[in-house]
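**Student:** Structure for the following, please:
(chains A and B)
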Amino acid sequence: MELRYSFADIEKRCQDQWEARGLFKASDDSPAQRYYVLEMFPYPSGRIHMGHVRNYTIGDVVARYKRMLGFNVLHPMGWDAFGLPAENAAIKHGTHPARWTYENIDYMRRQLKRLGLSYDWSREVATCAPEYYRWEQFFFLEMYERGLVYRKKSKVNWCEGCQTVLANEQVEEGGCWRCGGQVVERELDGWFFKITGYAEELLNGCGGLPGWPEKVLTMQRNWIGRSEGAEIGFRLEDGRKEITVFTTRPDTLFGVTFISISPEHPMATELSRDTGQCEAVSAFIEQCSMIPPKERRDLKEKKGVFTGAFAIHPLTGRRLPVYVANFVLMEYGTGAVMAVPAHDQRDFEFAKEYGLPVSVVIQPEAMPIQPEVMDGAWEGRGRLVDSGPFSGMWSEEAKGAITRRLEEEGIGRRKVTYRLRDWGISRQRYWGAPIPMVYCEKCGVAPVPKEELPVILPCDAQIDPQGRSPLAGLESFYRTVCPKCKGEARRETDTMDTFVESSWYFARYACPNEDTKPLDRRLVDKWLPVDQYIGGVEHAILHLLYSRFFTKVLRDIGWLSAGEPFKNLLTQGMVLKEGAKMSKSKGNVVDPDEMIKAYGADTVRLFILFAAPPEKDLEWSDQGIEGSYRFLQRLWRLVTNNIEVLKDAKVDRRIILASVERLPELKVIRQKTHQTIARVTEDIEKRLHFNTAISSVMELVNECTAYLNRFEDPAKMDAGVWPVMREAVDAALLLLSPMVPHITDELWRLIGHEGHICLEPWLKADEEAMLSETMSIVVQVNGRLRGEIRVSRDAGGKTIESEALSDPGVKRHTAGKDIKKVIHVPGRLVNFIVA
RNA sequence: GCCGGAGUGGUGGAACUGGUAGACGCGCUGGACUCAAAAUCCAGUAAGCCCUGCGCUUGUGAGAGUUCGAUUCUCUCCUCCGGCACCA
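**Tutor:** Just a heads-up that it's a prediction; the model follows:
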């Protein structure tokens, strides 16, 4: 009787049993070594997409594999549930964001369960739940107490589409990271996290993350953008004030011929007062401010205007005209630079444009440069000239020497500057965690007392179709009393950036139900850091940098010990269709539900793991998934067509060894079995390359099938076949079980085992079984392949070489020629060099 | 411009520290089974060459180099992808 592979029934049954038996619960007390595998939790947008399927399947294989190795595995899932799409849906469909979000969560949770993912669902968190964001508000207050949160009015990135502020990290190519909409500048009050206070540690920490892709580390390093240099004060001619500049090239100090300041520099207008340049300066500043930030970045032309003021060179006393220049950024350094046209390309271009002097102070070793014939700045190293007492020094050496001199004279100091800026977290939106602050006329800004947390996000707010913050207009929310004077006060109506929630959720999974404090340190320290984190590379800076920052803050406050949240990071590639990212507008979306319905979750998982290594982009292929389905059916038939004999076969080492002695073909199969165990283990353990792991199991299954197909009548087969086959099949099932958990679970039972395959220990290859008596040696003549010989494993060099020489192909090419040299790589090849 | 990563058959992708290039899958071709088809099974499948055979030549983006031997190491260049970009 044929047993059909009815994946739908099998998968449903397995999933129900796993859940009923609580197989994937992580134990807080188990003495077994712990392993924490985590995938980036999804935003509950409505449905799971193929990117999620890929992400979560990869994580699931790791989780299941580690469990079989005996680890106590934590593999949780949750929802990044605050965010703008919920509000947009509310406007469009009239459903409340909360309802929309929770309905999506319910739907997506069912989708994930249908994939057979081995999560500990008892630890599920949703960040929009007060039980979660309450502790986020708590952290906010603790950070406030420590000066890590502050409020300031500043120029911010305002997204017209989302009607809210964005952090610097959230602006991509001048547009919004989420909606791609235009980003404009606005002057706004907002709360900031002092991430710059951790710049140095975040940067240094990159060196201690060998388990992260180099690419991500480089991106973070670039984003933090550390530069070492000096701050130098240039006194103005009239002696009243000073302009402070930042430079990374104090060695070029003697080559300064003018000073450039940003149009936004507070002294810009002031300097031009009473100089006759006042109007020109104001006009220029006005002109610069008109250009939107998006266009400003493309503008390469250097423009500026003389302020009429002069500064005095601190060491030479030279008069230096002060210019307002469009390329000087107020946000970086001090907003003012000392211009050294000979040794800075931008200053060079500016100097040429406005006829300012170029004075060379660094001479490159190769050929001397002269200002008159230069067509660009010399930015390399060299020897100092015309630099007073420092002349003759190497530029590298002069950096320190000149800085020390400035420090002695009290004119300047060593200074490290970062590109990284503080993280603005205020969002003028409804669907987010309220910022627990109160404004009082009398007392000013006051934190909400911790005992009063959470500040609940009210559910009766009216969502404004214009996209304005509903909380600002909701009196029942914002009217409150001042915690200090008990007088009338107003609540903060901005909510927190949703990246705040995702910056610590991985810690909350350790103690998701803790309701007296944010984290249970004992449990958090048991589980953190995450051993393997998996997600898209699009968060290389955003989420991953914020999480690292938060971890360090929580460590310093005393909530956990880990210095870094994620020990190993895998950034998985995208799922493409026809070479492009799947999107509704392109109409190339493949729906996971449909695929599961048509082929089953195992086939979908198998294809997605097989089609490409995880870090590379994956091209979806309808024929490819057919191929995966065919393989599973072949596996199914291999077991079910021989079910009775396989069931009766004993996997007994002595019986197997006896069979193998008698039938050499079986020895090959047994050898293959153990080679496959070794190969799969290595592929998963060392590189998480499931594609090659799967292909080697395919080879094993193919070999078994091919062997059995050779017999027309199975009854005629030697009984010794079955123990060896049984060993091979058991191995194939065990090795595949983390990847295709349902079919292997079913076959495991059918073949006569008790219990679930995922509870079985991982296999260890038998080294001895992997060896064969003979080995094949490739023979080359002059580096070209001319033959192949089989020799006994313990054959000596002489025997192999004479054997190789007698190979007909080799003979043909060596006949009548002198052998000049023999290269013999033991176990691999022999190469004869002939004249 | 700077910093990463990648270029391998018709196609997705293999090749561990330099040692048989193209594993495995898809597609395609032929055959078996079938009245026929699907499914399945078997065989073949880098290109070119006299296909006379298990024969020869070329071939991992292009060009050079190191080596007995290079997809792998070095240099130059080209293309694509990603990141940063007037950061002083």
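**Student:** which ones are touching the closest residue to A:Asn568 other than its chain neighbours?
**Tutor:** In space, and not counting its chain neighbours, A:Asn568 is closest to A:Gly211: 3.4 Å by CB to CB, 6 or more residues apart in numbering. Yep, even glycine has a C-beta here, placed from its N, CA and C like the rest. Listed by CB atoms under 8 Å, 6 or more residues apart in numbering, the contact partners of A:Gly211 are A:567-569.
**Student:** Likewise for A:Thr257?
**Tutor:** Contacts of A:Thr257 (CB under 8 Å, 6+ apart): A:318, A:320, A:339-341, A:351, A:356-359.
**Student:** still on that earlier bit, export the contacts of A:Gly211 to TSV and tack on distance to A:Thr744?
**Tutor:** TSV is the format used below for these (distance: CB to CB, whole Å):
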residue	distance to A:Thr744
A:Lys567	29
A:Asn568	26
A:Leu569	29
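**Student:** Now, of those residues, which are buried?
**Tutor:** Buried by 16 or more other CB atoms under 10 Å: A:567-569, out of the contacts of A:Gly211.
**Student:** Residues of the stretch 251-400 of chain A that sit close to RNA strand B?
**Tutor:** Neighbours of RNA strand B within the stretch 251-400 of chain A, by CB under 7 Å from any atom of the strand: A:262, A:296-297, A:299-302, A:326-333, A:335, A:337-338, A:344, A:346.
**Student:** Find the nearest non-adjacent residue to A:Glu488, please.
**Tutor:** Closest to A:Glu488 by CB to CB, 6+ apart is A:Val481, at 6.6 Å.
**Student:** what residues are up against the closest residue to RNA strand B within the stretch 601-750 of chain A?
**Tutor:** Closest contact between the stretch 601-750 of chain A and RNA strand B, by CB to the nearest atom of the strand, is at A:Gly627 (2.6 Å). Residues in contact with A:Gly627 (CB under 8 Å, 6+ apart) are A:Phe607.
**Student:** which of the contacts of A:Thr257 count as buried?
**Tutor:** Counted by 16+ other CB under 10 Å, the contacts of A:Thr257 give A:318, A:320, A:339-341, A:351, A:356, A:358-359 as buried.
**Student:** Okay, and which of the residues you listed map to helices?
**Tutor:** A:Ala351 (DSSP state H).
**Student:** In CSV, list the buried ones among the contacts of A:Thr257 along with pLDDT and distance to A:Pro76.
**Tutor:** Putting the buried ones among the contacts of A:Thr257 into CSV (pLDDT from 0 to 100; distance: CB to CB, whole Å) gives the following:
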residue, pLDDT, distance to A:Pro76
A:Arg318, 94, 65
A:Leu320, 96, 61
A:Ala339, 95, 55
A:Val340, 95, 55
A:Pro341, 94, 58
A:Ala351, 94, 60
A:Leu356, 94, 62
A:Val358, 94, 62
A:Ser359, 92, 63
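**Student:** Among the buried ones among the contacts of A:Thr257, which pair sits farthest apart?
**Tutor:** Distance extremes for the buried ones among the contacts of A:Thr257: the farthest pair is A:Arg318 and A:Ala351 at 14.7 Å, using CB to CB.
**Student:** tally of neighbours for whatever residue of the stretch 101-250 of chain A ends up closest to RNA strand B?
**Tutor:** Per CB to the nearest atom of the strand, A:Thr247 is where the stretch 101-250 of chain A lies closest to RNA strand B, at 3.4 Å. Counted by other CB atoms under 10 Å, the residues lying close to A:Thr247 total 26.
**Student:** With the one 3 residues further on instead?
**Tutor:** Using other CB under 10 Å, A:Pro250 has 25 other residues around it.
**Student:** who's in contact with A:Ser282?
**Tutor:** A:269, A:272.
**Student:** What pLDDT does the model give it?
**Tutor:** You'll see A:Ser282 listed with a pLDDT of 92.
**Student:** does it belong to a helix or a strand, and which?
**Tutor:** helix A:278-290 (DSSP states H and E).
**Student:** Can you tell me the SS state at the closest residue to A:Leu570 other than its chain neighbours?
**Tutor:** Spatial nearest neighbour of A:Leu570, excluding adjacent residues (CB to CB, 6+ apart): A:Ile534 at 4.7 Å. For A:Ile534, the secondary structure call by DSSP: H, G, I helix; E, B strand; the rest coil comes out as strand.
**Student:** A:Ile534 against A:Met40, yeah?
**Tutor:** Yes - the criterion here is CB atoms under 8 Å, and A:Ile534 meets it with A:Met40 at 7.1 Å.
**Student:** higher neighbour count, the two?
**Tutor:** A:Ile534 (25 against 22).
**Student:** Might you enumerate the residues of the stretch 501-650 of chain A proximal to RNA strand B?
**Tutor:** Going by CB under 7 Å from any atom of the strand, the residues of the stretch 501-650 of chain A near RNA strand B are A:537, A:540-541, A:610-613, A:616-619, A:621, A:623-624, A:626-628, A:630-631, A:633-634.
**Student:** Filter the residues you listed down to the buried ones, PyMOL style.
**Tutor:** To isolate the buried ones among those in PyMOL, judged by 16+ other CB under 10 Å, type:
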select buried, chain A and resi 537+540+541+610+611+612+613+618+628+631
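**Student:** hmm, back to that, now the residue of the stretch 601-750 of chain A closest to RNA strand B: which helix or strand?
**Tutor:** Judged by DSSP H and E, A:Gly627 forms part of helix A:622-640.
**Student:** quick revisit: the residues of the stretch 251-400 of chain A next to RNA strand B in strands, which ones?
**Tutor:** Secondary structure assignment by DSSP state E places A:337-338 of these in strands.
**Student:** Filter the residues of the stretch 251-400 of chain A next to RNA strand B down to the buried ones and hand me the ChimeraX line.
**Tutor:** Of those, the buried ones go into a single ChimeraX selection, burial set by 16+ other CB under 10 Å:
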select /A:262,302,326,327,328,330,332,333,335,337,338,344,346
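**Student:** Show the contacting residues for the residue in the stretch 401-550 of chain A that RNA strand B sits nearest to.
**Tutor:** Here the residue of the stretch 401-550 of chain A nearest RNA strand B is A:Arg419; by CB to the nearest atom of the strand that distance is 3.8 Å. A:Arg419 makes contact with A:223-227, A:332, according to CB under 8 Å, 6+ apart.
**Student:** neighbour-wise, which of those residues leads?
**Tutor:** Most surrounded of those: other CB under 10 Å gives A:Ile224, at 21 neighbours.
**Student:** I figured it was touching A:Glu201, is that so?
**Tutor:** No - using CB under 8 Å, A:Ile224 is not in contact with A:Glu201; the gap is 10.1 Å.
**Student:** quick one: which of the buried ones among the contacts of A:Thr257 sit in strands?
**Tutor:** Those of those mapping onto strands are A:320, A:339, per DSSP E.
**Student:** List the buried residues in stretch A:178-185.
**Tutor:** Neighbour-count burial for stretch A:178-185 [16+ other CB under 10 Å]: A:178, A:183.
**Student:** measure it end to end?
**Tutor:** 17 Å (CA to CA, to the nearest Å).
**Student:** same thing with stretch A:747-762?
**Tutor:** This stretch, stretch A:747-762, spans 17 Å end to end (CA to CA).
**Student:** Residues touching that stretch, excluding its own?
**Tutor:** A:3, A:17-18, A:21, A:23, A:64-65, A:67-70, A:118, A:635-636, A:639-640, A:643, A:646-647, A:681, A:726, A:729-730, A:733-734, A:737-738, A:741, A:744-745.
**Student:** before we move on, the earlier item: who's the closest spatial neighbour of the residue of the stretch 101-250 of chain A closest to RNA strand B, skipping the chain neighbours?
**Tutor:** A:Gly229 (5.1 Å).
**Student:** quick one: that neighbour from A:Gly197, how far?
**Tutor:** Distance of A:Gly229 to A:Gly197, computed by CB to CB, to the nearest Å: 20 Å.
**Student:** Please apply the same query to A:Val183.
**Tutor:** Distance from A:Val183 to A:Gly197, by CB to CB: 26 Å.
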